[in-house]
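> Sequence and predicted structure are below.
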Amino acid sequence: MFDHPVLRRYYQRYGPAPFLPHPVPQREPFRVLAESIVAQQLSNRAAAALTARLWSLVEPRPGALLKVAPASLRQAGLSWAKALALLDLAAKAEEGLLEGLEDLEDGAVKERLQRVRGVGPWTAEMFLMFGLGRPDVWPVGDLGLRRAAKARFGVEAEALPAFGEPFRPYRSHLAWYLWRTLD
């Protein structure tokens, strides 16, 4: 499938990454984005625990989340910033912000999502990858990606954009494989 030997080697070791052209399981955009907000600046383990507490408190739907007080979200372990970001996401989702994202180009998706409080480039890129299954997202601001690229290839953060170029149109796959090397 891959022309690049590094991608072929990782594919053989880790199997298919969860992005196109492989079948991508459809996930509810609101839930993916909410979980990305929760995961900001957390380890995978901490994010999973916090997300589990959140969804045990409230059903993962915008209308349900809007009925929860910010203080209750704080009691579930969210920071004020994340609680307010989730509530803003829920309100904007109710207004239709998340509709039709699959039909937009990556840049337009990022621009739209960054209208939500607390959603920056990293969160939008995670959504492109794990919400829409986009195969060519290269999240150079991700700390895990930076650590893995440095450990496996000696690539410094400032060189990551150029390092990713030969892997087009499968940079999401490369990022996912590099994250696997950290596990």
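Noted; the coordinates are in hand.

> Under the pLDDT cut-off, which ranges of this protein? List them.
Scanning the chain for pLDDT under 70 picks out the ranges 1, 22-25.

> Show me the domain layout of this protein.
As given by automatic domain parsing, the domain ranges for the chain are 5-23+138-182, 29-130.

> List the contacts of the helix or strand hosting residue 55.
Per DSSP states H and E: residue 55 is located in helix 44-57. Applying C-beta atoms under 8 Å, 6 or more residues apart in numbering, the external contacts of helix 44-57 come out as 34-35, 38-39, 42, 68, 72-73, 76-78, 86. For the C-beta atoms, the positions are set from N, CA and C on the backbone; glycine is no exception.

> before we move on, the earlier item: could the domains of the chain be laid out in JSON lines, adding mean neighbour count?
Shown next, in JSON lines, are the domains of the chain (neighbours: other C-beta atoms under 10 Å):
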{"stretch": "domain 5-23+138-182", "mean neighbour count": "16"}
{"stretch": "domain 29-130", "mean neighbour count": "17"}
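
> Dump the helix holding residue 55 to CSV, keeping only the CA atoms.
Taking C-alpha atoms only, helix 44-57 is exported to CSV below (Å, rounded to 0.1, in the frame of the first residue of the first chain):
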residue,chain,number,x,y,z
ASN,A,44,-3.6,9.1,27.4
ARG,A,45,-4.3,7.4,30.7
ALA,A,46,-5.4,10.6,32.5
ALA,A,47,-7.5,11.6,29.5
ALA,A,48,-9.3,8.2,29.4
ALA,A,49,-10.0,8.4,33.1
LEU,A,50,-11.3,11.9,32.9
THR,A,51,-13.4,11.1,29.9
ALA,A,52,-15.0,8.1,31.6
ARG,A,53,-15.9,10.3,34.6
LEU,A,54,-17.4,12.9,32.3
TRP,A,55,-19.6,10.4,30.3
SER,A,56,-20.7,8.7,33.6
LEU,A,57,-22.0,12.2,34.6
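
> Enumerate every residue touching residue 153.
Neighbouring residues of residue 153 by C-beta under 8 Å, 6+ apart: residue 163.

> which residue is nearest the centroid of this structure?
Nearest to the mean C-alpha position of the chain, counting by C-alpha atoms, centre = their mean, stands residue 126 at 1.9 Å.

> Dihedrals phi and psi, that one?
For residue 126, the backbone dihedrals (degrees, to the nearest 10) come out as phi -60, psi -40.

> helix or strand for the nearest residue to it once chain neighbours are set aside, which one?
Closest residue to residue 126 apart from its sequence neighbours, by C-beta to C-beta, 6 or more residues apart in numbering: residue 36 at 4.5 Å. Assigned by DSSP H and E, residue 36 falls within helix 29-39.

> Just the angle for that helix relative to helix 44-57, thanks.
Helix 29-39 and helix 44-57 are oriented at 130 degrees to each other (axes from the mean of the first three to the mean of the last three C-alpha atoms, to 10 degrees).
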